[in-house]
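*Asks:* Just the structure for this:
(4 chains)
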There are 2 protein chains.
Amino acid sequence: MEPDTRSRILDAAERLLVQHGLDATTLRMITTEAQANLAAVNYHFGSKEALIEAVFRRRLTWLNEQRIAALDAFEAEAGGAPLKPRQIVEAFFGVAIRMAADKGGGQSFMRLLGRTYTEPSDFVRSFLAAEYAEVIARFKAAFFKALPDVPQEEFLWRFHFMMGALSYAISGADALRLLGPVDEPDPDALYARLMSFLIGGLRAPLPTLAPASQAKAAKKPRGKRAA
Amino acid sequence: MEPDTRSRILDAAERLLVQHGLDATTLRMITTEAQANLAAVNYHFGSKEALIEAVFRRRLTWLNEQRIAALDAFEAEAGGAPLKPRQIVEAFFGVAIRMAADKGGGQSFMRLLGRTYTEPSDFVRSFLAAEYAEVIARFKAAFFKALPDVPQEEFLWRFHFMMGALSYAISGADALRLLGPVDEPDPDALYARLMSFLIGGLRAPLPTLAPASQAKAAKKPRGKRAA
DNA sequence: CGCAGACTGAAACAACTGTTTGAAACCCTT
DNA sequence: AAGGGTTTCAAACAGTTGTTTCAGTCTGCG
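*Replies:* I've put the predicted structure just below:
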């Protein structure tokens, strides 16, 4: 019931970072919530940035290991044959949304992660990139193998869109309430919903790009809209 | 070439808020960039929060007016008949992404907006809700009319996912670079890409929800995956 | 001109930030 | 019991935050 100070700080930090964001969360809030001394953060982690990094790393490495493990399992099962897109989506996004359903801390962390992915803070981005590098490479390869007819750039964008949908799915009720009252989401239902949406988007017919998008110069005006 | 102080502050604030986020952008950064005195912000706007609100309101009201105008045009054209989903998506998301393509400020603002939508800051959320209320109501009605076979809650989630994809589409290259090197996105191509993704997701087959999602209690384990 | 009202300017305000310090308390092995 | 390494604690540090103050400047109108 009373873990050591270091863990209490990590948990409190995670909770508060979700609630208030990176900058608005102060060390004094964290140490108060963790029932620790203010100096404890700098003692155990060295700095606020290092603490934030530790908060992310603790969950993120585990999450990405799970993703790769899930991909490994599917690939072993398929034995060299390309995977079905549904399986790859399941391995990447399914694992994430399952972690988001975990009440024991995973939930709040995933909300934080989704929000931070687009945050302009330099130091977060840099180690996010490092932490994601391997898993991205693996899944890119799997997708290209499964959908050889989809151009690489096209697919990257679709993957990006899928990340956006995932992020909002996780940040969930908070933002969704803008649209209208909704029940607290049932994890299984959310999983099913996001999955069918993602696969629908991924497998949508390729857009017919105007030739201008290749010549990249001649931009014919679309009308008088933006004054 | 030299608008009045108030406008210079608004422009500078918008630019810096996109770059650094809400909390990390200080009044001193803003007034320096705007070549104005520090006190000018509190003189013209009253407080930092009021300034931020003004930055949002300036573009957001216009954006939502455009959305409603586009919807009006489609509905007049259809004359009472339900719109095609593609048209409704176009009216809501197409207008947004076109504004995001506008170099003259619209671009940076849309990035800011997409990021803020999930931000936990209370005061932003409260006036975002007010600003969105009307447009949300209109589009909800149009969608329900166009897709009567889709349950309302199901649709709200899909709309939410679409907002996520839009947000990431706009925040664009910054986050996408995590996935790999990509060209600076051509607005027309991005528009076409997002559209086909969104419609693919929107029209995806309805997920088969386990009966547990209604009984909401009995949660049968999905296998040994999540330990 | 004169003078009110709108605006700008430099300086100071209290409150809060992350970090550092050095002494006290604790724990464990010798 | 003594000692050394680890951890906690209260206090203070310098720097930055949003906001306020008040003297100054500008502008337009009688």
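*Asks:* Spell out which residues make up each domain of chain A.
*Replies:* Domains of chain A are assigned by automatic domain parsing as A:1-46, A:56-203.
*Asks:* out of these, nearest to chain B?
*Replies:* Closest of the domains of chain A to chain B is domain A:56-203, at 2.5 Å (criterion: CB to the nearest CB). Where you see a C-beta, it was placed from the backbone N, CA and C, and this is true even at glycine.
*Asks:* what pLDDT, on average, does that closest one get?
*Replies:* For domain A:56-203, mean pLDDT rounds to 89.
*Asks:* show me where chain A has helices.
*Replies:* A:5-20, A:27-33, A:39-44, A:48-78, A:85-89, A:95-101, A:106-116, A:122-146, A:152-171, A:173-176, A:187-202, A:212-215 (DSSP state H).
*Asks:* Take the ones you listed and write them to CSV, including distance to DNA strand D and mean neighbour count.
*Replies:* Below are those laid out as CSV (distance: least, CB to the nearest atom of the strand, whole Å; neighbours: other CB atoms under 10 Å in any protein chain shown):
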stretch, distance to DNA strand D, mean neighbour count
helix A:5-20, 3, 20
helix A:27-33, 8, 17
helix A:39-44, 4, 16
helix A:48-78, 13, 17
helix A:85-89, 42, 20
helix A:95-101, 29, 22
helix A:106-116, 20, 22
helix A:122-146, 15, 15
helix A:152-171, 25, 23
helix A:173-176, 24, 17
helix A:187-202, 35, 22
helix A:212-215, 41, 13
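*Asks:* before we move on, back to that, out of the domains of chain A, flag the one nearest residue B:41.
*Replies:* domain A:1-46 (18.9 Å; CB to CB).
*Asks:* show me the contacts for residue A:74.
*Replies:* By CB atoms under 8 Å, 6 or more residues apart in numbering or on different chains, the contact set of residue A:74 is A:83, A:87, A:88, A:90, A:91.
*Asks:* now check stretch A:96-114, is it near chain B?
*Replies:* Yes. Using CB under 8 Å from any CB of the partner chain, stretch A:96-114 comes into contact with chain B via A:98, A:99, A:102, A:114.
*Asks:* tell me the contacts of the spatially closest residue to residue A:15 that is not a sequence neighbour?
*Replies:* Closest residue in space to residue A:15, ignoring its immediate chain neighbours: residue A:108 at 5.9 Å, by CB to CB, 6 or more residues apart in numbering or on different chains. With contact taken as CB under 8 Å, 6+ apart, residue A:108 is in contact with A:14, A:15, A:18.
*Asks:* Switch these over to TSV; also include pLDDT.
*Replies:* Listed next are the contacts of residue A:108 as TSV, based on pLDDT from 0 to 100:
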residue	pLDDT
A:14	95
A:15	94
A:18	89
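*Asks:* from the residues you listed, which single one is nearest residue B:70?
*Replies:* residue A:18 (35.8 Å).
*Asks:* Quick check, the closest one in contact with residue A:114.
*Replies:* No. Look at residue A:18 against residue A:114 with CB atoms under 8 Å: they stay out of range, at 10.1 Å.
*Asks:* shared neighbours, these two?
*Replies:* Common neighbours of residue A:18 and residue A:114 (CB under 8 Å, 6+ apart) do not exist.
*Asks:* Residue numbers of chain A in contact with DNA strand C?
*Replies:* Listed as neighbours of DNA strand C in chain A under the rule CB under 7 Å from any atom of the strand: A:25, A:26, A:27, A:28, A:29, A:38, A:39, A:41, A:42, A:47, A:48, A:49.
*Asks:* roughly how far apart are the third one and residue B:22?
*Replies:* For residue A:27, the distance to residue B:22 under the criterion CB to CB, to the nearest Å works out to 20 Å.
*Asks:* ok, now the second one?
*Replies:* Shown here: residue A:26 relative to residue B:22, a distance of 16 Å by CB to CB.
*Asks:* Which one's more surrounded, the two?
*Replies:* residue B:22 (19 against 13; other CB atoms under 10 Å in any protein chain shown).
*Asks:* Tell me the backbone dihedrals of the more buried one, please.
*Replies:* When read as degrees, to the nearest 10, the backbone of residue B:22 gives phi -70, psi -50.
*Asks:* Verify the contact between it and residue B:55 for me.
*Replies:* No. Residue B:22 lies out of contact with residue B:55 (CB under 8 Å); the separation is 10.1 Å.
*Asks:* May I ask you to confirm that residue A:150 is in contact with residue A:207?
*Replies:* No. Taking CB under 8 Å as the definition, residue A:150 is not a contact partner of residue A:207, at 11.3 Å.
*Asks:* Among the two, which residue is more densely surrounded?
*Replies:* Neighbour count, other CB under 10 Å: between residue A:150 and residue A:207, residue A:207 has more, with 20 against 17.
*Asks:* mind listing what the more buried one touches?
*Replies:* Per CB under 8 Å, 6+ apart, neighbours of residue A:207: A:154, B:189, B:192, B:193, B:195, B:196.
*Asks:* Can you add distance to residue B:123 and give those back as JSON lines?
*Replies:* JSON lines is the format used below for the contacts of residue A:207 (distance: CB to CB, whole Å):
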{"residue": "A:154", "distance to residue B:123": "40"}
{"residue": "B:189", "distance to residue B:123": "37"}
{"residue": "B:192", "distance to residue B:123": "37"}
{"residue": "B:193", "distance to residue B:123": "34"}
{"residue": "B:195", "distance to residue B:123": "33"}
{"residue": "B:196", "distance to residue B:123": "37"}
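*Asks:* what about residue A:121, distance to DNA strand D?
*Replies:* 14 Å (CB to the nearest atom of the strand, to the nearest Å).
*Asks:* I should have written residue A:186 there, sorry.
*Replies:* From residue A:186 over to DNA strand D (counting by CB to the nearest atom of the strand), the distance is 39 Å.
*Asks:* Phi, psi for that residue please.
*Replies:* phi -80, psi 120.
*Asks:* Counting neighbours, what do you get for it?
*Replies:* Counted with other CB under 10 Å, residue A:186 comes out at 18.
*Asks:* what number of residues lie near residue A:103?
*Replies:* 8.
*Asks:* Distance from stretch A:121-136 to the middle of the chain?
*Replies:* Chain-centre distance of stretch A:121-136: 11 Å, with CA atoms, centre = their mean, to the nearest Å.
*Asks:* sorry, back to before: need the domains of chain A in a markdown table with distance to residue B:76, can you?
*Replies:* Listed next are these as a markdown table, based on distance: least, CB to CB, whole Å:
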| stretch | distance to residue B:76 |
| --- | --- |
| domain A:1-46 | 43 |
| domain A:56-203 | 25 |
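*Asks:* out of the residues of chain A next to DNA strand C, which one sits closest to residue B:126?
*Replies:* Relative to residue B:126, and with distances defined as CB to CB, the nearest of the residues of chain A next to DNA strand C is residue A:25, at 20.4 Å.
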